[in-house]
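In: Here is a sequence together with a model predicted from it:
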Amino acid sequence: MINSAPKRLILPFSQEKNMEPLGVEVELASVFAIAEFERSKGKGLVTRQPNEKLQFMAQIAYPLWVYPKNETAYIFDTLNQNSSTVLQVPQLPSAKAFLETLESQSKTRQEYTTFLLDNQSYYEQPKKENQFLIKGLIADAEFKKEFGPYRREAVETTTPSLALLTPKLGQSEVLVTLSELEKQQTTFEEDANALPECLRQINKLTSQYVTELDYAAQAIKDEAAAKIKAQEEIINPQIAKLNSDYKKRITMVAKGYDEEIESLKKEKDRTEKTISSNEEKIKFFQREAQSQARQNHFAFEKRWRIKGDKTKKEVDGLRKQLSKLGKNISNLNRQKNDELNRLSIKLDIEIKVARQPLVDLQTACDAKMLFFKQQIEHLFKLEKAVAEGVYDAIKEREVLNSRFEILGIKDSQLKYPVLFYVPFYLVCFQAGLSRRYFFVPPSQTNPVGFSVRLKGAFGMSKIKELFVPRFKAISALIDGCVLLIRQDTAFETEIDLLGEKNNFLNKPGDVDSISKGLVYLQHEGKLSEKEYQALSSILRNPK
């Protein structure tokens, strides 16, 4: 709603705590002195400068709209038609359209999977930047930083003591601009607010279809378990019978080999005993033959030697027989092991054949489980890619939202539009038909220091050091009036009319105030005696 009579607040030129005794008088005198030092006196070594006349000196106020909207105050330059802020607004993929498509294409898991696959890079589409021109808006960070605390020094007035420039940017235009800005911001906020819902819906649907797959997998697993159990009731008795049959066969085979091996072992033992007995006989025969030889009974000696040789031959034959028995036992043991291994392998094969239906059922179940696992992993993979795009979009919206936020300053107390007026001193010099303007933006006074007094004593005026601009960006705004005067004849006419009407030099009371201020400046050493006399003379007798 447009307020027909907006509140008007006047900002101070300087801070009260920096004002010295006779503060207003000193301020006026300082501006007058600075103006005189700026005025061309018609001198010049190479090119003679025109002799300028101080046409008028007045205090004027620059109007600024401060318009609150959603706890943010926007500052508008009401005079400079060329002043504007360009907001870069990208055309972002619509979260609402994303949700609508998701809703229509997620009725089945297959549709949802296709949707995720098709929208992997939905939020990564190339973005076109649109420029939104906000006429008159001052979004400069330095200006807002200065104006924030400065505006709290303002006082409300209905009868201002200084001249007020007429705003060219009306309240209705500001309202239209802010409405369009709010529309843009609301659109992006609604879209940004829909992004978390995109994530929720994706997570919900993925969880839903993963659960569906889990249930299906469990059903397959339970069905396979039931079939396996039914088959085991048939197969396990078969396997038990195979084990029993083969156990008997193995026992019989082992028994047959063991009996034959035992017989050979007994024969081997007997042979070993016979060999041992014969070896003792050989030793006996050798001793008897040696005894007969010592008695020279050669016939008996020969007889005993023949018996020894015969027994020795028998032992050699027995040893060969013993070796053969050992080999036969080894062969039988090997044959036994081979036969038993063959039976065991055959049993394993028959058991494997009997269990093959169970293996087939388990293999089929495992293949289906793998399929469901891959489907779930595929869903999670697709969801992750889309979700990452949404997260990136959320960050992008946060950056975009910050672009809107920095357009104004946070202020929850300001409820209605206000016209703030920034005061400045306007000095006009005239030479013939030509006019030159000099501006003094809001400043603060410097205390008189020893260096200022000392330099003044040497005749070097330090009057310019009396004023230090309080702000950089706000001063630049005031200095911009020079360009406005050149570009806008109507603005120049208004400046001249206000300057002439509010000229301090045409008002006896203000002239007296300036005179008092000059006395104070001279007394404090800010003006030399010569400068004071010259300025006082000009003040009383303007050229």
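Out: Looks like it arrived, so ask away. Note that the structure is predicted; figures quoted are calculated from it, not measured.
In: show me where this protein has helices.
Out: For the chain, helices defined by DSSP state H occupy the ranges 23-38, 95-104, 109-118, 141-150, 171-294, 298-405, 450-457, 473-479, 481-487, 489-501, 508-523, 529-540.
In: And these, which one averages the lowest pLDDT?
Out: For the helices of the chain, mean pLDDT drops lowest on helix 450-457, to a mean of 40.
In: What about the closest residue to K128 other than its chain neighbours, how many residues nearby?
Out: Among residues not flanking K128 along the chain, Q91 sits closest, at 4.7 Å (Cβ to Cβ, 6 or more residues apart in numbering). C-beta here means a position set from N, CA and C on the backbone, and glycine is covered the same way. Look at Q91: counted by other Cβ atoms under 10 Å, it has 11 neighbours.
In: ditto for N331
Out: 12.
In: And the residue nearest the centre of the chain, how close does it get to V468?
Out: The residue lying closest to the centre of the chain (Cα atoms, centre = their mean) is K395, at 6.8 Å. Noted for K395: a distance of 43 Å to V468, by Cβ to Cβ, to the nearest Å.
In: Equivalent analysis for C198, please.
Out: Noted for C198: a distance of 55 Å to V468, by Cβ to Cβ.
In: One more: P167?
Out: Distance from P167 to V468, by Cβ to Cβ: 29 Å.
In: Which of these two has more residues huddled nearby?
Out: Neighbour count, other Cβ under 10 Å: between P167 and V468, P167 has more, with 21 against 12.
In: for Q120, phi and psi?
Out: phi -60, psi -40 (degrees, to the nearest 10).
In: what domains does the record give for the protein?
Out: Domain ranges of the chain: 7-92+127-169+411-540, 230-374, per automatic domain parsing.
In: Quick check: which of those is buried the most?
Out: domain 7-92+127-169+411-540 (a mean of 17; mean count of other Cβ atoms under 10 Å).
In: How far away from the center of its chain is it?
Out: Relative to its chain's centre, domain 7-92+127-169+411-540 lies at 46 Å (Cα atoms, centre = their mean, to the nearest Å).
In: first vs last residue of that domain, how far apart are they?
Out: 40 Å (Cα to Cα, to the nearest Å).
In: Make 231 the starting number, not 1.
Out: All set: I'll call the first residue 231, so the last point we hit is now domain 237-322+357-399+641-770.
In: any idea how far the residue nearest to the centre of the chain lies from Q350?
Out: From K625 over to Q350 the distance is 18 Å, taken as Cβ to Cβ.
In: do K495 as well
Out: 81 Å.
In: L411 and F362 touch, don't they?
Out: Yes. Contact status for L411 versus F362: in contact at 7.4 Å, counting by Cβ atoms under 8 Å.
In: who touches both of these two?
Out: Residues touching both L411 and F362 (Cβ atoms under 8 Å, 6 or more residues apart in numbering): L317.
In: about what we covered before: okay, the residue nearest to the centre of the chain and F669: tell me how far apart.
Out: 45 Å.
In: next one: D370
Out: Distance, D370 to F669, using Cβ to Cβ: 19 Å.
In: What of I639?
Out: I639 sits 25 Å away from F669, going by Cβ to Cβ.
In: same question, L656
Out: Using Cβ to Cβ, L656 is found at 6 Å from F669.
In: Mutual contacts of the two, please.
Out: C711.
In: hang on, the earlier thing: could you pull up the contacting residues of the residue nearest to K358?
Out: The contact partners of Q321, by Cβ under 8 Å, 6+ apart, come to K357, K358, E359, N360.
In: Also I704?
Out: Taking Cβ under 8 Å, 6+ apart, we find I704 in contact with F373, E376, F377, Y380, V652, P671, P672.
In: Nearest to L392 among those residues?
Out: Of all the contacts of I704, V652 has the smallest distance to L392: 10.7 Å, by Cβ to Cβ.
In: for that closest one, what are its contacts?
Out: Applying Cβ under 8 Å, 6+ apart to V652 gives the contacts L241, A291, Y292, L294, P671, P672, I704, L707, I708.
In: pretty sure the first one contacts P653?
Out: Yes. Taking Cβ under 8 Å as the definition, L241 is a contact partner of P653 at 6.3 Å.
In: could you measure the closest residue to T501 other than its chain neighbours against K540, distance?
Out: Ranked by Cβ to Cβ, 6+ apart and with sequence neighbours excluded, the top spatial neighbour of T501 is L552, at 4.8 Å. Here L552 is placed at a distance of 19 Å from K540 (Cβ to Cβ).
In: same question, L769
Out: 171 Å.
In: before we move on, what about F262?
Out: F262 sits 165 Å away from K540, going by Cβ to Cβ.
In: Next: N473.
Out: Distance, N473 to K540, by Cβ to Cβ: 59 Å.
In: What of A720?
Out: In terms of Cβ to Cβ, A720 sits 160 Å off from K540.
In: do E618 as well
Out: Counting by Cβ to Cβ - E618 and K540 are separated by 105 Å.
In: Many thanks, we can stop here.
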